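Peer 1: got a predicted structure here, sequence first:
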Amino acid sequence: MKIIGLPALVGTYDNYIWVLYQDAKAWVVDPGESQQVIDFLKQHNLALQGILVTHHHFDHVDGIPALKQAYPNATVFGGKKTNNACIQIHLSDGDEVELVNGFTLNVLETPGHTPDHISYYNEHALFCADALFTAGCGRLLGGTIEEFSQSLIKLRNLPEHTPFYCAHEYTKDNVNFAIQVEPNNSDLQQRLASLTIHYPAIKTQPLGTLKQEKQTNPFLRFDLPDIKTQLLKRGANDNIASLFKTLRAWKDQYDQQS
Ligand SMILES: [Zn+2]
């Protein structure tokens, strides 16, 4: 299975629409737009089989009607709580979506960014949309602190070698924040030094691995001693939800200043 990322909503939300394809068949994750997807499918003689939705936000679903018009046989999958009239099959934690024989994606409920957010994963790919970003995580837009912190821990517990595909290109900003949180993290220093972003070029590689995120993403590290000490000083209590809440608030404050 090949996986590439098409840029979408460039300059505003800087999304990736991930396209998976094999043997003239294709699937897309979170099409917030449609034209670049249709162009890519035509160029490569691919027939769209399915659309995988992670949550209801417009920058993840607005391309669906035009894609359905161009490919009426494509099936639209989404979470059981996702309110979108295009969704034909509603998924829950533990469900599976078989794309082709030998490539099945598992469904993981990852609420927090929104209450309906789900992720799709197998050993070859994790599509975690706005739950977990490169060196960051999504904002709290409707979910609770408790569920978001637990979702991040669920994602952290997936196998480390899992290639990682999120829905936005926010790496630079996230790494700049992360280094403020953990200035002495040598993995993070290295990530910052070697950071090159080619967005909005088509992405032909994963954004990284979960291992790299576990080493450098503060939102997978907020309960480790170095970060925890900082968060306790900023008023957090010593529990997962409070530590996450304090780190998320710190990032929100940083975003407002930058
Ligand atoms: Zn979102």
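Peer 2: Cool, the structure landed.
Peer 1: then the biggest helix by length in the chain to CSV, C-alphas only?
Peer 2: With secondary structure taken from DSSP state H, the chain has its longest helix at helix 240-257. Taking C-alpha atoms only, helix 240-257 is exported to CSV below (Å, rounded to 0.1, in the frame of the first residue of the first chain):
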residue,chain,number,x,y,z
ILE,A,240,-2.6,12.9,34.2
ALA,A,241,-5.5,15.2,33.5
SER,A,242,-4.2,18.2,35.4
LEU,A,243,-0.7,17.8,33.9
PHE,A,244,-2.1,17.7,30.4
LYS,A,245,-4.5,20.6,31.1
THR,A,246,-1.6,22.8,32.3
LEU,A,247,0.6,21.9,29.3
ARG,A,248,-2.3,22.5,26.8
ALA,A,249,-3.0,25.9,28.5
TRP,A,250,0.7,26.7,28.2
LYS,A,251,0.6,26.0,24.4
ASP,A,252,-2.5,28.0,24.0
GLN,A,253,-0.9,30.9,25.7
TYR,A,254,2.2,30.5,23.5
ASP,A,255,0.0,30.4,20.3
GLN,A,256,-1.6,33.7,21.3
GLN,A,257,1.8,35.4,21.8
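Peer 1: which parts of it are buried?
Peer 2: Within helix 240-257, the residues scored as buried using 16 or more other Cβ atoms under 10 Å are 240, 241, 242, 243, 244, 245, 246, 247, 248, 249, 250, 251. In short, each C-beta sits where N, CA and C put it, glycine included.
Peer 1: now stretch 172-188
Peer 2: Neighbour-count burial for stretch 172-188, counted by 16+ other Cβ under 10 Å, picks out 173, 174, 175, 177, 178, 179, 181, 182, 185, 188.
Peer 1: same thing with stretch 140-147?
Peer 2: 140, 143, 145, 146, 147.
Peer 1: now do the contacts for the third one.
Peer 2: Taking Cβ atoms under 8 Å, 6 or more residues apart in numbering as the criterion, residue 145 is in contact with 112, 241, 244, 245, 248.
Peer 1: residues near residue 89, how many?
Peer 2: The number of residues packed near residue 89 is 12, by other Cβ atoms under 10 Å.
Peer 1: will you turn the buried residues of helix 240-257 into JSON lines that also has pLDDT and distance to residue 129?
Peer 2: Conversion of the buried residues of helix 240-257 to JSON lines gives the following (pLDDT from 0 to 100; distance: Cβ to Cβ, whole Å):
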{"residue": "240", "pLDDT": "97", "distance to residue 129": "22"}
{"residue": "241", "pLDDT": "98", "distance to residue 129": "22"}
{"residue": "242", "pLDDT": "98", "distance to residue 129": "25"}
{"residue": "243", "pLDDT": "98", "distance to residue 129": "23"}
{"residue": "244", "pLDDT": "98", "distance to residue 129": "18"}
{"residue": "245", "pLDDT": "98", "distance to residue 129": "21"}
{"residue": "246", "pLDDT": "98", "distance to residue 129": "24"}
{"residue": "247", "pLDDT": "98", "distance to residue 129": "20"}
{"residue": "248", "pLDDT": "98", "distance to residue 129": "17"}
{"residue": "249", "pLDDT": "98", "distance to residue 129": "22"}
{"residue": "250", "pLDDT": "98", "distance to residue 129": "22"}
{"residue": "251", "pLDDT": "98", "distance to residue 129": "18"}
